[in-house]
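A.B. asks: 3D model of this:
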Amino acid sequence: MVTHQRIHTGEKPFECPECGKSFSDNSSLVIHQRAHTEDKPYEFPDCGNSFSQNSGLMIHQRTHSQDKLYVCPECKKSFSHNCQLVTHQGTHSQDKLYECLVCKKSFSHNCQLVTHQGTHSQDKL
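C.D. replies: As a prediction, the model looks like this:
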């Protein structure tokens, strides 16, 4: 009951000592802290990918299933999630507005550039 009341009061007494983010219940804090410790107890045995939350594992399992409902009309590659298809379709686009300053590779979405930039070590940036 007390935890439910915090929804209405906005009280968040459980604070992460690492980053200061606060939570209304201890279990949410524990899940959050896994992001700092890289504790990923939910592993998918087929590929070895691990996740900090069961929901992440469930979403990942779809990538291994036969249920790939989203098909690229240009190359016929299929995806389990629409957002994956949308991102993929950008690879066919000539509009690659986001360029990596390190290697000059171009991307159609900023999120792709940000992900790519992680491949360059800090000493090269």
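A.B. asks: Centroid-nearest residue for this protein?
C.D. replies: When the chain is reduced to its mean C-alpha position, the nearest residue by C-alpha atoms, centre = their mean turns out to be residue 56, at 8.6 Å.
A.B. asks: Just to check, residue 15 is in contact with residue 24?
C.D. replies: No: under the contact definition of C-beta atoms under 8 Å, residue 15 does not touch residue 24, with a separation of 11.2 Å. No exception for glycine: its C-beta is placed from N, CA and C like everyone else's.
A.B. asks: More neighbours: the two, which one.
C.D. replies: When residue 15 and residue 24 are compared for neighbours, residue 24 comes out ahead with 19 against 12, by other C-beta atoms under 10 Å.
A.B. asks: Let me know the pLDDT of the residue lying closest to the more buried one once chain neighbours are set aside.
C.D. replies: Beyond its immediate neighbours in the sequence, the residue positioned closest to residue 24 (C-beta to C-beta, 6 or more residues apart in numbering) is residue 6, lying 4.0 Å away. pLDDT for residue 6: 78.
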